[in-house]
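Asks: Need a 3D model of the sequence below.
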Amino acid sequence: MEQYNRDIKTFALPNGFQVVTEYIPFFPSVSFGFWVRAGSVYETRETNGFSHFIEHMLFKSTTTRSTLDIAAEIDCLGGQVNAFTSKECTAFYAKVISEHLDRALDLVGDLILHPRFDPEEFEKERGVVLEEIAMSEDSPDDLTMDLIAEAWYGEHPLAYTILGPEQQIATITRDELVSFYEKYYRPNNVVLSVAGQFDFDKLKETCERLFWNWEPSDEKIEIPVLASFEPKALIRRKDIEQVHIAQAWKGVGQSDLRMYPLSVLCNAIGGGNASRLFQKIREEMGAAYTVFCYPSVYTKNGEVILYAGTSQENAQKVSHAIHEEIKKLRDHGITEDEFHMAKEQLKVSYLLGMESASSRMMAIGKSYLTRGKVVDTREVLEKMNAVTLEATNEEIKKIFTGPYAAAAVGQTVADIYL
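Replies: Here you go, the predicted model:
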C-alpha cells in the first residue's frame with residue numbers, strides 16, 4: 001500500500017475558514033476549489049434555486065473588478081475557472097500552472113467575498129437562469145432524475161431541483177438573493193481544497209492575507225432531518241420519442257460502511273457493459289440504448305437508482321424485464337463471477353479517477369466539507385477488498401425487499417411502466 005501514501009495537510013484561520021491540501025510534486029499544475037455549504041438541501045420551498053442563482057451572480061463583478069475584468073483575468077491566467085451547484089454544496093474551482101496560484105486565489109476569492117450583485121447584471125442573469133431551466137425541460141433524462149428525487153424524498157429538500165422552479169426565479173428580488181448569500185457565504189461555512197504542486201507555507205501566507213478579515217457567522221448550517229414518508233410513483237407526460245423510466249430504493253449515507261457492498265451490487269446490476277441489466281435489456285432484448293444502476297449518496301441519506309430510456313413500443317417490455325431481474329436478484333443474488341468482475345471494475349474506476357490534480361482536489365474538498373476529514377485511499381481500497389459476495393447479496397435482500405419510488409417521463413406513460 002506504500003504507493004498510495006498521500007501528502008495531506010490542513011490548517012484553519014481564526015475565523016473558521018478551513019484549508020485542506022494534497023501536495024503532488026510531479027504535477028506542473030495546481031487545482032483549488034472553494035466549497036460552500038450551500039445547495040438545494042439547505043433551501044426551503046421559498047428559496048429553492050437561490051444557491052444556483054448566486055453561483056451565476058458571483059461571476060458578474062466585484063467591488064474591484066468588472067465583469068469584463070474578471071473574464072480578461074481568467075483568460076490571462078491561461079487556466080480554467082468554473083463553478084457548479086449541487087444538492088449539498090456550491091463549488092468554485094480553478095486549475096492553473098503553479099506560478100499563477102496566488103493570482104488565481106486572489107481572483108476567485110474576490111468573487112466569493114466581494115460580489116456587487118449589480119441590479120442590471122442581476123436582471124440579465126435572471127434571464128440566463130430561466131433559459132437554463134427551459135433547457136432542462138428539453139432533457140427528459142434530467143427531468144426523470146428530478147422526478148424520481150421528488151417521488152423518493154417527498155417534502156424533504158433533497159427532493160428540490162437545483163435550478164429551482166421557473167416562477168420562483170422569475171419573481172425573486174435582488175435583496176432576497178443577497179440575504180441568502182450573507183447567510184451561507186461565511187468563512188466557517190467554506191472549505192478551500194488545494195491539490196498539485198505548490199509551496200505550503202506560501203499558500204498559508206496567501207490565505208491569511210486574503211481571508212483573515214472575512215467575518216464569520218454564529219449560525220450553524222445543518223442538513224434538515226429526513227422525516228418519514230411514503231415513496232410514490234410520479235409521471236410526467238411529455239411529447240418526446242422515448243419513455244424514460246426510473247426507480248429508487250433506500251440506500252445509505254456516505255459514512256455508512258454498507259456503501260461498499262452496495263456499490264459492488266449496483267455495478268454488477270447496471271454499472272458496465274457486462275452488467276446484468278445491460279446484457280438483458282440492451283444486448284439480449286435490443287430494447288434500450290441506455291440502462292444503468294448507481295448509488296446516489298448524500299451526507300446523511302442515499303438511494304439506489306435504476307434508469308432506462310426506451311421507445312414507447314418497448315416501454316412495457318423493459319419495465320417488465322426490470323421487475324423480473326429484480327425478482328431474480330432477490331431470490332438468488334448475483335453470481336461469484338458477477339461479484340468479482342463488479343468489484344474489480346469498481347476498484348480500477350476509483351484509482352483511475354484519482355490520477356489528476358483536479359480530481360484529487362474535488363475529492364478532498366467535498367470530503368472535508370461534508371465529513372470533516374479526508375478519506376484515505378488505502379482505507380477505501382481496504383474496505384473495497386473486504387467486501388464479500390455474502391455481504392453483497394445480503395444488501396440485495398435489504399434493498400430490493402423494501403418499498404421503492406418510481407418515475408416516468410414520456411408521451412404515453414401508463415402505470416404499468418412503474
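Asks: Could you give the separation between the terminal residues of stretch 213-221?
Replies: Distance between the two ends of stretch 213-221: 21 Å, counting by Cα to Cα, to the nearest Å.
Asks: Buried residues in it, which are they?
Replies: 214, 217 (16 or more other Cβ atoms under 10 Å). C-beta: built from backbone N, CA, C; applies to glycine.
Asks: Any stretches of the protein with poor pLDDT?
Replies: 1-5, 227-228, 414-418 (pLDDT under 70).
Asks: Now do the same contact list for the residue positioned nearest the centre of the chain.
Replies: The C-alpha lying nearest the average C-alpha coordinate of the chain belongs to residue 86 (Cα atoms, centre = their mean; 5.2 Å). The contact partners of residue 86, taken as Cβ atoms under 8 Å, 6 or more residues apart in numbering, are 39, 162.
Asks: State the distance from it to residue 339.
Replies: According to Cβ to Cβ, to the nearest Å, residue 86 stands 31 Å off from residue 339.
Asks: domains for the chain, by residue range?
Replies: Split into domains by automatic domain parsing, the chain comes to 2-211, 233-417.
Asks: Could you dump the ones you listed into CSV with distance to residue 226 added?
Replies: Formatted as CSV, the domains of the chain follow (distance: least, Cβ to Cβ, whole Å):
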stretch, distance to residue 226
domain 2-211, 5
domain 233-417, 5
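Asks: Would you mind saying which of those lies nearest residue 220?
Replies: domain 2-211 (8.7 Å; Cβ to Cβ).
Asks: Mind checking the domains of the chain for the one nearest to residue 217?
Replies: So among the domains of the chain, domain 2-211 is nearest, using Cβ to Cβ, at 4.0 Å.
Asks: And the closest one, how far out from the chain middle?
Replies: On the basis of Cα atoms, centre = their mean, to the nearest Å, domain 2-211 sits 13 Å off its chain's mean C-alpha point.
Asks: now swap in stretch 326-333 and tell me
Replies: 30 Å.
Asks: Restrict that stretch to CA atoms and write it as CSV.
Replies: What follows is stretch 326-333, C-alpha atoms only, in CSV (Å, rounded to 0.1, in the frame of the first residue of the first chain):
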residue,chain,number,x,y,z
ILE,A,326,-35.1,-7.6,-9.5
LYS,A,327,-37.1,-10.6,-8.5
LYS,A,328,-34.2,-12.9,-9.6
LEU,A,329,-31.8,-10.9,-7.6
ARG,A,330,-33.9,-11.1,-4.5
ASP,A,331,-34.3,-14.9,-4.9
HIS,A,332,-30.8,-15.8,-6.0
GLY,A,333,-28.4,-12.8,-5.6
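Asks: separation between the nearest residue to residue 23 once chain neighbours are set aside and residue 371?
Replies: Leaving aside its sequence neighbours, residue 23 sits nearest to residue 7 (Cβ to Cβ, 6 or more residues apart in numbering; 4.2 Å). According to Cβ to Cβ, residue 7 stands 19 Å off from residue 371.
Asks: what about the closest residue to residue 219 other than its chain neighbours, neighbour count?
Replies: Residue nearest to residue 219 in three dimensions, not counting chain neighbours: residue 183, with 6.9 Å by Cβ to Cβ, 6+ apart. For residue 183, the neighbour count with other Cβ atoms under 10 Å is 16.
Asks: And whatever helix or strand residue 183 lives in, what does it pack against?
Replies: Using DSSP states H and E, residue 183 falls within helix 174-184. Under the contact criterion of 3 or more Cβ pairs under 8 Å, 6 or more residues apart in numbering; DSSP states H and E, helix 174-184 touches helix 50-57, helix 119-137.
Asks: right, so of those helices, which gets closest to residue 222?
Replies: Among the helices and strands packed on helix 174-184, the nearest to residue 222 by Cβ to Cβ is helix 50-57 (15.5 Å).
Asks: just the strands in the stretch 201-350 of the chain please.
Replies: Assigned by DSSP state E, counting those that start in this stretch, the strands in the stretch 201-350 of the chain fall at 233-237, 242-250, 290-297, 302-311.
Asks: Can you lay out those strands as TSV showing mean neighbour count and distance to residue 24?
Replies: Formatted as TSV, those follow (neighbours: other Cβ atoms under 10 Å; distance: least, Cβ to Cβ, whole Å):
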stretch	mean neighbour count	distance to residue 24
strand 233-237	16	45
strand 242-250	24	37
strand 290-297	19	26
strand 302-311	24	30
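Asks: what about those strands, which gets the closest to residue 21?
Replies: So among these, strand 290-297 is nearest, using Cβ to Cβ, at 24.6 Å.
Asks: Please name the strands paired to the closest one in the sheet, noting orientation.
Replies: Paired strands of strand 290-297, with direction, are strand 302-311 (antiparallel) (DSSP bridges).
Asks: How far away from the center of its chain is the strand it pairs with?
Replies: 17 Å.
Asks: Report the separation between residue 64 and residue 379.
Replies: For residue 64, the distance to residue 379 equals 43 Å [Cβ to Cβ].
Asks: With neighbour numbers in mind, choose between these two.
Replies: Legend: neighbour count by other Cβ under 10 Å for residue 64 and residue 379, higher for residue 379 (12 against 9).
Asks: Where does the more buried one fall, secondary structure wise?
Replies: Using DSSP H and E, residue 379 maps to helix 377-386.
Asks: What residues sit buried inside that helix?
Replies: Buried, per 16+ other Cβ under 10 Å, within helix 377-386: 377, 380, 384.
Asks: Need those residues in TSV (columns: distance to residue 175).
Replies: Shown next, in TSV, are the buried residues of helix 377-386 (distance: Cβ to Cβ, whole Å):
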residue	distance to residue 175
377	46
380	45
384	49
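Asks: out of those residues, who's nearest residue 397?
Replies: Nearest to residue 397 among these, with distances taken as Cβ to Cβ, is residue 384, at 21.0 Å.
Asks: OK, contacts around the nearest residue to the closest one once chain neighbours are set aside?
Replies: With sequence-adjacent residues excluded and distances taken as Cβ to Cβ, 6+ apart, residue 384 is closest to residue 347, at 5.4 Å. Applying Cβ under 8 Å, 6+ apart, we find residue 347 in contact with 381, 384-385.
Asks: List the residues that contact residue 237.
Replies: 410-413.
Asks: Any chance of JSON lines for the residues you listed, columns distance to residue 58 and neighbour count?
Replies: Below are the contacts of residue 237 laid out as JSON lines (distance: Cβ to Cβ, whole Å; neighbours: other Cβ atoms under 10 Å):
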{"residue": "410", "distance to residue 58": "37", "neighbour count": "25"}
{"residue": "411", "distance to residue 58": "39", "neighbour count": "13"}
{"residue": "412", "distance to residue 58": "43", "neighbour count": "10"}
{"residue": "413", "distance to residue 58": "39", "neighbour count": "21"}
